[in-house]
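**Student:** Please work out how this folds:
(2 chains)
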Amino acid sequence: MYAQLVDTGVKRLKTLEEMSPEERAFQEKIDAEIKIEPKNWMPDGYRRTLIRQISQHAHSEIVGMLPEKNWLTRAPNFKRKLQLLAKIQDEGGHGLYLYSAMETLGADRDEEVAKLHSGEVKYSSIFNYPALSWADMGTIGWLVDGAAIVNQVVLQRTSYGPYSRAMIRICKEESFHQRQGYQILLHMMRNGTDEQKAMVQDSINRFWWPALMMFGPHDSDSPNSAQSMAWKIKRMSNDDLRQRFIDQTIPQLELLGCTVPDPDLKWNAERGHYDFGEIDWSEFYDVVKGNGPCNRDRLRIRRKAIEEGTWVREAASAYAAKQKQKNAAA
Amino acid sequence: MSDWTLFEVFVRSKHGLNHKHVGSVHAADAAMAMENARELYTRRSEGVSIWVVPSAAITASSPDEKEPLFDPSDDKVYRHATFYELPKEVGHM
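**Tutor:** Got it, this is the predicted structure:
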């Protein structure tokens, strides 16, 4: 999941009787699966929660470009380089779709980006891990984008129209990311040297648990989930999404001929799901708090990009103003 | 970038079809909006033509007007071809 721990500001759900007539009409619309559009009335909490969730989601797309950019100049061949370039451009595009959706709620893009840079709002914990080998490009595409897809497929049915439409577009494009990632790994496992195969296994070992953390804390530790689910901003719980991801992924893992670093992982025929071990939540909260391996570096590069791009934006504005003057004079 | 104009983007996916709203971009001027729209919304041959329109130039109906605007047409079934039942002998009409 690209949005974790999104605060709704609500401690307890209101019943229909406790709601104002406007709130009740709003909730009934949501219950009837009617999408909410920008100009419709909505509770402040709904608007605030959406801005938080969509901005965090957008920031994740943008920061998500950073671990991959490292490998653009180090891709093993030109074909792989083009594919990676296309994938990274997609991530930037996804960030922009989401910022646009966020703006329909009255949020200001620059202000929200400033909140990211000051550390006031977060992006997905996964992007605070480094990409150390070429195999990581495969693992990120397969596991990280794969986990994001599981979350985003469900979010296509989210209750806010512009968010839902952005998700539909993103999901269509994202499946290329996952397939290209898996193909990188498959190619290394089937045609690679022993060293390259070991590189794949090492990459999966490092990304497996952080990928599972993308779905956020256990449902029992997600105090904001109930309100987000009632508003249908969220459509499936963290634990259910995580289970779905694991169930989908393990057969693909076996086809690769690799393993995950979890001795407790095994098929449970009775449940019809894989059982798996406990996530190290202290690591998750530590990374969310800013102490992951790459948090500081990611934010430093984001700030630098904005600062060093200032003259470009100023030049574009000056050029547009000059053209306007010229056209007015003509 | 928020001080730049917000443009709505419309893309014609194929010749013969309407332009359809796909999203929005910020840009310093219309030419830049066109470039940004091309990069953002047509990376996979999604279109053959793009319109960019300053969002402020669009007048939209308000959700409160939904009833006065659209309800009157709900009870005019006789505006649909299917309302007129004709004998089978007429064939396709």
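
**Student:** which residues of the chain fall in helices?
**Tutor:** Picking chain A for this. In order along the chain, chain A carries the following helices (DSSP state H): A:21-31, A:44-63, A:66-69, A:78-103, A:109-117, A:135-139, A:145-155, A:161-191, A:194-213, A:225-230, A:238-256, A:281-286, A:295-308, A:310-329.

**Student:** other chain: chain B
**Tutor:** Taking DSSP H as the criterion, chain B carries its helices at B:30-41, B:66-70.

**Student:** average model confidence for the longest one?
**Tutor:** The one in question is helix B:30-41. Rounded to a whole number, the mean pLDDT of helix B:30-41 is 95.

**Student:** for stretch A:165-183, same thing?
**Tutor:** 93.

**Student:** Touching it from outside, list them.
**Tutor:** Taking contacts as CB atoms under 8 Å, 6 or more residues apart in numbering or on different chains, the residues outside stretch A:165-183 that touch it are A:83, A:86-87, A:90, A:93-94, A:97-98, A:100-101, A:137-143, A:145-146, A:148-149, A:152-153, A:155-156, A:158, A:252, B:23, B:44. Bear in mind the C-beta positions are built from the backbone N, C-alpha and C, glycine included.

**Student:** CA atoms of it as CSV?
**Tutor:** What follows is the C-alpha trace of stretch A:165-183 in CSV, where atoms were taken according to Å, rounded to 0.1, in the frame of the first residue of the first chain:
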residue,chain,number,x,y,z
ARG,A,165,-10.5,7.3,-12.0
ALA,A,166,-6.8,8.0,-11.3
MET,A,167,-6.5,4.5,-9.9
ILE,A,168,-8.1,2.9,-13.0
ARG,A,169,-5.6,4.6,-15.2
ILE,A,170,-2.7,3.8,-12.9
CYS,A,171,-3.6,0.1,-12.6
LYS,A,172,-3.7,-0.2,-16.4
GLU,A,173,-0.1,1.1,-16.6
GLU,A,174,1.2,-0.6,-13.5
SER,A,175,0.9,-4.2,-14.7
PHE,A,176,3.7,-3.6,-17.2
HIS,A,177,5.9,-2.6,-14.2
GLN,A,178,5.3,-5.9,-12.4
ARG,A,179,5.7,-8.0,-15.5
GLN,A,180,9.0,-6.3,-16.5
GLY,A,181,10.3,-6.8,-13.0
TYR,A,182,9.4,-10.5,-12.8
GLN,A,183,10.9,-11.0,-16.3
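
**Student:** ok so, going back, would you tell me which of the helices of chain A gets closest to residue A:7?
**Tutor:** Shortest separation from residue A:7 across those is recorded for helix A:44-63, at 6.5 Å, computed as CB to CB.

**Student:** Now do the closest one: which elements does it pack against?
**Tutor:** helix A:78-103, helix A:109-117, helix A:225-230, helix A:295-308 (3 or more CB pairs under 8 Å, 6 or more residues apart in numbering or on different chains; DSSP states H and E).

**Student:** mind running it again at 6 Å?
**Tutor:** Under the contact criterion of 3 or more CB pairs under 6 Å, 6 or more residues apart in numbering or on different chains; DSSP states H and E, the helices and strands touching helix A:44-63 comprise helix A:78-103.
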